[in-house]
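# coordinates only, sequence not included:
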């Protein structure tokens, strides 16, 4: 059966769809095989930067492991996930990025619409999969139910010029915004194998990892949807839109591509990494 036909299958119940529409997220058991989750954790672990593992607060992660770790590709293109996303958004889901984490991100609150968006807007989603049990001590997701219904906040709305160098100021703006709203977060406490689907405009982040000795293995996959244009709001203005040309993750084909060594990364990306390290150093210092 083709991926398109698979994605047309029904997976979510009417109650789950209604919950997502009201809250901007839903936690789902997609029936992932435990052997797949364990294989993903063991296969990807050697690729994590040892320095980051020794200092988890740095933000250890691997982007686009789907290119060289087959279980990551399998999780990102799971037929039940694609079917659920088709139900929620009414369009064919197009996976384009994976992120893998060995520990909690402790990331500050944000909306993914600052990183990814579409024309028409609203056709982007994330799926976060717990590769082990998640409790209040090993850094669960933190999110604000219903905030996906609020207006999208751009760099302009935050009185900032476009560019990653202003992202910390965007985070401060969001923190103040949440405080003014007077809303309380919920936490993604879930067993191994469960997944959380969230709307791109849901305010979310990573809670504090109370037990630094613990791991918190997880995979995030980001999805756009068919029939849109795609862009990066953080680099866009009203007059100049930073359109994206995503590399889609093909559900039906996988060819192993070795990861790019750090000394071969494009200069602009090296610059971004250097700025990120400087910013993290200031926050942790």
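Looks like it arrived, so ask away. Every value quoted in this text rests on a predicted model; they were computed, and no experiment measured them.

# from here on, contacts and neighbour counts on C-alpha atoms
Fine.

# quick one: low-confidence ranges for the stretch 151-285 of the chain?
By pLDDT under 70, the weakly predicted segments of the stretch 151-285 of the chain are 261-285.

# ranges for the strands of it?
Secondary structure of the stretch 151-285 of the chain (DSSP state E, counting those that start in this stretch): strands at 186-187, 194-199, 204-206, 218-225, 229-231.

# compare those and give me the one nearest residue 129.
Nearest to residue 129 among the strands of the stretch 151-285 of the chain is strand 194-199 (4.3 Å), distances taken as CA to CA.

# quick one: residue 69 from residue 163, how far?
31 Å (CA to CA, to the nearest Å).

# same question for residue 199.
23 Å.

# and these two? Which one has more around it.
Applying other CA atoms under 10 Å to residue 199 and residue 163 shows that residue 199 carries more neighbours, namely 27 against 12.

# tell me the contacts of the more buried one?
Listed by CA atoms under 8 Å, 6 or more residues apart in numbering, the contact partners of residue 199 are 24-25, 122, 124-126, 148.

# among those residues, who's most crowded?
residue 125 (28 neighbours).

# surely it meets residue 223?
Yes - between residue 125 and residue 223 there is a contact at 5.3 Å, judged by CA atoms under 8 Å.

# what residues are up against the residue lying closest to residue 109 once chain neighbours are set aside?
Nearest non-adjacent residue to residue 109, counting by CA to CA, 6 or more residues apart in numbering: residue 205, 4.4 Å away. For residue 205, the contacting residues are 106-110, 141-143, by CA under 8 Å, 6+ apart.

# so of those, which ones are in strands?
141-143 (DSSP state E).

# my read: residue 102 touches residue 61, true?
Yes - applying CA under 8 Å as the test, residue 102 and residue 61 come out as touching, 7.0 Å apart.

# returning to that earlier point: with pLDDT and neighbour count added, can I get the ones in strands among the contacts of residue 205 in a markdown table?
A markdown table is the format used below for the ones in strands among the contacts of residue 205 (pLDDT from 0 to 100; neighbours: other CA atoms under 10 Å):
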| residue | pLDDT | neighbour count |
| --- | --- | --- |
| 141 | 96 | 25 |
| 142 | 97 | 22 |
| 143 | 98 | 24 |
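
# tell me the one of these nearest residue 213?
Closest approach to residue 213 among these (CA to CA): residue 141, at 17.7 Å.

# surely the closest one meets residue 209?
No - using CA under 8 Å, residue 141 makes no contact with residue 209, being 10.2 Å away.

# show me what contacts residue 39?
Shown in contact with residue 39 (CA under 8 Å, 6+ apart): residue 71.

# my read is it is in a helix, agree?
Yes - applying DSSP: H, G, I helix; E, B strand; the rest coil, one finds residue 39 inside a helix.

# distance of it relative to residue 72?
For residue 39, the distance to residue 72 equals 9 Å [CA to CA].

# now swap in residue 143 and tell me
24 Å.

# how many residues are close by residue 197?
23.

# show the pLDDT at the closest residue to residue 217 other than its chain neighbours.
With CA to CA, 6+ apart as the criterion, residue 217 has its nearest non-adjacent residue at 4.3 Å, and that residue is residue 102. The confidence metric pLDDT takes the value 94 at residue 102.

# and what of the one 10 residues further on?
Reported pLDDT at residue 112 in the predicted model: 98.

# check contacts around residue 91.
Residues 225-227 are the ones in contact with residue 91 under the rule CA under 8 Å, 6+ apart.

# of these, which is the most crowded?
residue 225 (21 neighbours).

# contacts only, for that residue.
Residue 225 touches 89, 91-94, 123-124, counting by CA under 8 Å, 6+ apart.

# which among those residues count as buried?
Buried members of those, scored by 16 or more other CA atoms under 10 Å, are 89, 91-94, 123-124.

# now distance to residue 215 too, for the residues you listed, in CSV please.
Putting the buried ones among the contacts of residue 225 into CSV (distance: CA to CA, whole Å) gives the following:
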residue, distance to residue 215
89, 33
91, 35
92, 34
93, 30
94, 30
123, 32
124, 28
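
# which ones among those residues map onto strands?
Reading strands off the buried ones among the contacts of residue 225 with DSSP E, I get 93-94, 124.

# quick one: the helices in the stretch 51-200 of the chain?
Using DSSP state H, counting those that start in this stretch, the helices found in the stretch 51-200 of the chain span residues 70-76, 79-89, 167-181.
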